[in-house]
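In: Sequence and predicted model, in that order:
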Amino acid sequence: MSNPFSEQETQSLLILVGMIIPASEEFGVPGADDETIFADILKSASPHHSTLAGMLAVLDAEGGDDIAQTLRQSQPSGTALLEKLTVESYYRDDRVMRSLDMETRPPFPKGFDLDQGDMSLLDPVRDRPVFYRKQHDPGE
Amino acid sequence: MTEEPVDVLIIGAGASGAAVAWSLADTRMRIVCLEQGGTSNPSDFPSAGRDWEARRSSDFSISPNQRKRPTDYPIAEDNSPIKIVNFNGVGGSTVMFAGQFPRFHPSDFRVKSLDGVADDWPVDYATLEPFFEQNDRMMGVSGLAGDPAYPPKGHDHMPPLPLGKAGQAVARGFNKQGWHWWPADVAINSVAYDGRDKCINLGACISGCAQGAKASVDVSYWPHALRAGVELRTHCRVREITVGDDGMATGAIYYDQDDTEQIIKAHVVIMASNGVGTPRLLLNSKSKAFPDGLANSSGLVGKNLMLHPYAGIQGIFEEELDGYKGPHKGIQSQEFYETDLSRGFVRGYTYELSRGSGPVNTALTGLSKGRIPWGANHHGAFRKMYNRTTSIFAVCEDLPEEHNTVTLDASLTDGHGIPAPKIDYTLSDNSRKMLDHALARGSEVLRAAGATDILTTAPLQMAGWHLMGTARMGTDPQRSVVNEWGRSHDVKNLFIVDGSIFVTSAGVNPTSTLQALALYIADQMKQRLANLFD
Ligand SMILES: Cc1cc2nc3c(=O)[nH]c(=O)nc-3n(C[C@H](O)[C@H](O)[C@H](O)COP(=O)(O)OP(=O)(O)OC[C@H]3O[C@@H](n4cnc5c(N)ncnc54)[C@H](O)[C@@H]3O)c2cc1C
Ligand code: SF4
């Protein structure tokens, strides 16, 4: 699907996603406005063009200092959608995943290991008498 | 086109339809199951791709209204704080279920006698026990014998699923409080079983298990039923059940995979379309003899909808937990299961572990709950939550109330123009008190487990996964839709085997009991074959 957003809408989105997740030197990660990540966001945003364009129009009209606050109050569903699309693309980027010590692969087919756990934790419960309620003893 | 009548027509290839099909197959009758959806290909499941979390809100959403596949039907649910979730395809909602597999307790079948509310069931635990056993063997259940909250179970489980770090942390919390917990019965292979491999901790159970370790019925029951000769027709959506002049069901009208209208004749019709799909279909099957919908002389078709309100309690820990790795389920607590009126409500609930979240889900929770901001502080706040959260959910018993309903929407239809179901549901005062109790005690246990911050939600919105009560069973035709072995009071060759027939909901997930009941009804049918319609 080709990009349905106008140049101005694309610019506004770029600024917004960069506000949601900016790059960080401290954590060594790009922002959501990184070229590759933003291209991915735009791709998944395309089917939602009308919702997001509507949100941007309101933002242009209302402006305000605290953009996050303005958007959340006046456009809650559009804002939630933009946040969702942003984090979905951001947290599947190789660089971001590596910074979180994630392997850059889908879960299947390799899977993961899980700690079997210490079953002696059950000891106090094993010591407990049976306590299910008998069906013929009202009030028991 | 019409064909020779089949012996048994089953509508719906989910948990109950698969069980009843398999059980009846040994009669050598001609059995056809019509299913509106298709067969899933595990390699298409999200966990095989990098976008696995994103697909949970598109083609693998648990909400049919969000998923919007051609095989789904829309649901009008603005009048319910809890939204319906399901899956429409071979395997039914078990394709997406989490696999938590507790049985009802013996006391759950005697709610009226014990607590003076709702109604007793016309069957009891002892009657269903052999069918619980049979069902556990067919599905494959991991767990651990000896739970003091239950009567002994008569079969060997597979070993329990790993506790993981999250399970251990929460278990320590329960121990500190002196409260019950136990490894849950879960329909997930901890070792290879019945030709299916063991769980490899993909952490995506509710988007379909690509490994085949979870016993969704498309990989557990259906291969056996098909081998035994049952015919399964996919992409066949039933519009209505047809009836003859004698008031007996004659079969169904359905749309096949080419959207062509078809008629199938049958000697026996079994509804297995779930607690929303079945009342919808019965209400859509109006005729001169049944102007209010089929099998509805009691007026109770679509009434008494029970959904299990859920309370969600999430703890943020300083220690690293499992994150998204591992099956969602693992341990449960039934400390508050049975009635104690000093708590301010009747009946009770089960806590079940909900292990952890992937990065997308973590970020979205943090953003929506005010724990992760926009801007430079996003990263630090995210890292405080990522891999460091775990949750417990309280499954609260929902009591039947006639004003909680499935009806037909006046204008909404599915892709074939068939009227869609409409949900009207309100939380009762009892449920609210139970939810509040569960949030308070759940917060205590997670703090005892070491959580430094707690996030709570009740009721969980996207959690109408347990659909019960809308065609209840009973011995009185004026107060129930089917009799004590699943046969309609009004139409003697029409049976219902899904969650619609539940009399009460108990405080546990329903599928183990729902399938045991379906196997019991199949067994009753087999025993009565000579005089099934008397
Ligand atoms: C996300 C999720 C998590 C869950 N987790 C758990 C859990 O951990 N433990 C638990 O016990 N339960 C869980 N459940 C619930 C469990 O899946 C259901 O209780 C169970 O599948 C219900 O079985 P059923 O046979 O009544 O209906 P379903 O399994 O829903 O099957 C009904 C079938 O009927 C078909 N159908 C409906 N109408 C028509 C029609 N007109 N024509 C043709 N076909 C039709 C549908 O397509 C569907 O395949 C979960 C459900 C979901 C969605
Ligand atoms: S965690 Fe286990 S059951 Fe769940 S999807 Fe992965 S392999 Fe399947």
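Out: It's in. Ligands and ions are numbered 1, 2, ... in the order given.
In: Next secondary structure after the lengthiest strand in chain B?
Out: If you go by DSSP state E, chain B has its longest strand at strand B:261-271. Later in the chain than strand B:261-271, the nearest helix or strand by DSSP states H and E is helix B:274-284.
In: rewinding a little: partner strands of the longest strand of chain B and their direction?
Out: strand B:6-11 (parallel), strand B:249-255 (antiparallel), strand B:494-496 (parallel) (DSSP bridges).
In: Now it - C-alpha only, PDB.
Out: Below are the C-alpha coordinates for strand B:261-271, written out as PDB (Å, rounded to 0.1, in the frame of the first residue of the first chain):
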ATOM      1  CA  GLU B 261     -27.100 -21.700   0.200                       C
ATOM      2  CA  GLN B 262     -27.300 -25.400   1.000                       C
ATOM      3  CA  ILE B 263     -29.800 -27.500   2.900                       C
ATOM      4  CA  ILE B 264     -28.600 -30.400   5.000                       C
ATOM      5  CA  LYS B 265     -31.100 -32.900   6.500                       C
ATOM      6  CA  ALA B 266     -30.400 -34.700   9.800                       C
ATOM      7  CA  HIS B 267     -32.100 -37.000  12.200                       C
ATOM      8  CA  VAL B 268     -30.400 -35.300  15.200                       C
ATOM      9  CA  VAL B 269     -29.100 -31.800  15.500                       C
ATOM     10  CA  ILE B 270     -26.500 -30.900  18.100                       C
ATOM     11  CA  MET B 271     -25.700 -27.200  18.800                       C
END
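In: Give the closest residue to A:Val17 in space, chain neighbours not counted.
Out: Leaving aside its chain neighbours, A:Val17 sits nearest to A:Ala32 (4.0 Å; criterion: Cβ to Cβ, 6 or more residues apart in numbering or on different chains). Heads up, the C-betas are built off the backbone N, CA and C, glycines and all.
In: Would you mind confirming that the one you found makes contact with A:Leu14?
Out: No. The pair A:Ala32 / A:Leu14 is not scored as a contact, 9.0 Å apart, by Cβ atoms under 8 Å.
In: Closest to the centroid, which residue in chain A?
Out: A:Val87 (3.8 Å; Cα atoms, centre = their mean).
In: That one: what secondary structure?
Out: Assigned with DSSP: H, G, I helix; E, B strand; the rest coil, A:Val87 falls in the helix class.
In: give me the low-pLDDT residue ranges for the chain?
Out: No chain in the question, so chain A it is. Along chain A, segments meeting pLDDT under 70 span A:1, A:62-65, A:135-140.
In: To clarify, I was referring to chain B.
Out: Checking chain B against pLDDT under 70 turns up B:1-2.
In: could you redo the last one with a cut-off of 90?
Out: Counting by pLDDT under 90, the ranges of chain B that qualify are B:1-3, B:154-157, B:204.
In: Now the residue of it at minimum distance from ligand 1. Nearest residue, chain neighbours left out?
Out: Here chain B gets closest to ligand 1 at one residue, B:Gly14, 1.9 Å apart by Cβ to the nearest ligand atom. In space, B:Gly14 comes closest to B:Gly92 once its chain neighbours are excluded; the distance is 1.8 Å by Cβ to Cβ, 6+ apart.
In: what number of residues lie near that neighbour?
Out: Here the number of neighbours of B:Gly92 (other Cβ atoms under 10 Å in any protein chain shown) works out to 29.
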